[in-house]
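Novice: pasting the sequence and the predicted model now:
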Amino acid sequence: MLYALAFFLLWTAAAWGAEPLPIVTTSTDLKALVEVVGGERVRVESLAPPLQDPHAVEVKPGQLAKLKAAALLLRIGLDHEPWLGRALRTIGDSRFTRESPHYLDTSKRIQLLQSETPRVRADKGAHIHGFGNTHYWLDPENGRPITAAILGALLRLAPADRPYFEANRKRFLDRLDGRLRGWLRTMAPYKSTRVVAVHETWPYFAQRFGLMIVAVMEPNPGVPPSPSYLASLIQKMRDSGIRLLIADPYSNASAVRQVATQSGATAVTLIPSVGGDPAASDYLSLFDFNIKRLSQAARPAR
Ligand SMILES: [Zn+2]
């Protein structure tokens, strides 16, 4: 009888221990990266879908329930998710705060760009990159510090799985190194190509691959540009021969078309988040996809 009880207790402990950790992320990119490290030990839900403006997300009731049940919340941080505070207030869960093992803001170890750019706050709760640019996952080198932070967070929750998590991350970084060499080779002919972007989504990507973003259609992030600003931008693009306009999937399509047509530039829509295209199904293929699309649209710099 005692044997049976001991066996039962051991069995339930093992079964409980083997349950994947329920994790919620604010983006599909963080979801992809926590899955890379956590493997079958995590079950992850992203609050934002891949093709939507990441700064304007409506959290659904089913997602709030998942947030409440999550062992870990991962976020991009800074003012990237102005909608997250309200979701956290709604569930009234005090675990998701700084210094908690249930909360990870992956911006902490990132060398931020544009942190000195002064921004005018348009309205409360706007995403204005007020503390620096938040689209840092689009430099593939940042896959390194982000997964380091994720590894630390997973080890706090499941220390016994250290060898598994560490091996997963190492395998990912080896693949990342190999792919990055290929991406840099593909992009080499386009080094110093001057481009215009719609939103400030691409500065990390541009810095890594040698593109020069000389202007944006949305000088105040999250605020639609005025017609007079667009007119002067179009003139500037024609005068200085800028041939490429980088849009996001959620950009205003008619404004993009107008600027492209009137300036003579080619508009190319890049995918900022994992899952935004079937071919961009994980963190590495996100870059495969964008590098391919960009190199097809751009002309080699002379
Ligand atoms: Zn942004």
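Specialist: Thanks, I have it. Numbers count the residues shown, from 1 in each chain.
Novice: which secondary structure element contains residue 287?
Specialist: Residue 287 is part of helix 283-297, with elements assigned from DSSP states H and E.
Novice: ok but residue 183 is inside a helix, no?
Specialist: Yes: the assignment for residue 183 (DSSP: H, G, I helix; E, B strand; the rest coil) places it in a helix.
Novice: residues in contact with it?
Specialist: Residue 183 makes contacts with 140, 209, 287, 288, 291, as judged by CB atoms under 8 Å, 6 or more residues apart in numbering. (Glycine included, C-beta is placed from N, CA and C.)
Novice: contacts only, for the second one.
Specialist: Under the criterion of CB under 8 Å, 6+ apart, the neighbours of residue 209 are 183, 184, 187, 190, 191, 291.
Novice: 6 Å instead, please
Specialist: Neighbour list for residue 209: residue 187 [criterion: CB atoms under 6 Å, 6 or more residues apart in numbering].
Novice: wait, which of the contacts of residue 183 is closest to residue 53?
Specialist: residue 287 (21.0 Å; CB to CB).
Novice: surely residue 221 is in contact with residue 201?
Specialist: No: checked against CB atoms under 6 Å, the pair residue 221 and residue 201 is beyond contact range at 9.1 Å.
Novice: which one of those two is surrounded by more residues?
Specialist: Higher neighbour count among residue 221 and residue 201: residue 201, with 27 against 23, using other CB atoms under 10 Å.
Novice: all strands of the protein, in order?
Specialist: Under the criterion DSSP state E, the chain contains strands at 21-25, 42-46, 72-75, 103-105, 194-197, 212-216, 244-247, 266-269.
Novice: confidence score at residue 298?
Specialist: Turning to residue 298, the model gives it a pLDDT of 86.
Novice: picking that back up, buried ones in the helix holding residue 287?
Specialist: 283-291, 293-295, 297 (16 or more other CB atoms under 10 Å).
Novice: what do you get for stretch 227-235?
Specialist: Quick answer for stretch 227-235 (16+ other CB under 10 Å): 230, 233, 234.
Novice: format the contacts of residue 183 as CSV; extra columns: pLDDT and distance to residue 84.
Specialist: Below are those laid out as CSV (pLDDT from 0 to 100; distance: CB to CB, whole Å):
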residue, pLDDT, distance to residue 84
140, 98, 25
209, 97, 30
287, 98, 26
288, 98, 30
291, 97, 30
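Novice: of these, closest to residue 111?
Specialist: Using CB to CB, the contacts of residue 183 come closest to residue 111 at residue 140, 14.1 Å.
Novice: just the terminal-to-terminal distance for stretch 135-147.
Specialist: With CA to CA, to the nearest Å applied, stretch 135-147 spans 16 Å between its terminal residues.
Novice: now what about it, what contacts it?
Specialist: By CB under 6 Å, 6+ apart, stretch 135-147 touches 29, 33, 37, 106, 109-110, 169, 176, 180, 201, 204-205, 208, 287.
Novice: can you tell me how far the closest residue to residue 68 other than its chain neighbours is from residue 252?
Specialist: Using CB to CB, 6 or more residues apart in numbering and skipping residues adjacent in sequence, the residue nearest residue 68 is residue 91, 4.8 Å away. According to CB to CB, to the nearest Å, residue 91 stands 33 Å off from residue 252.
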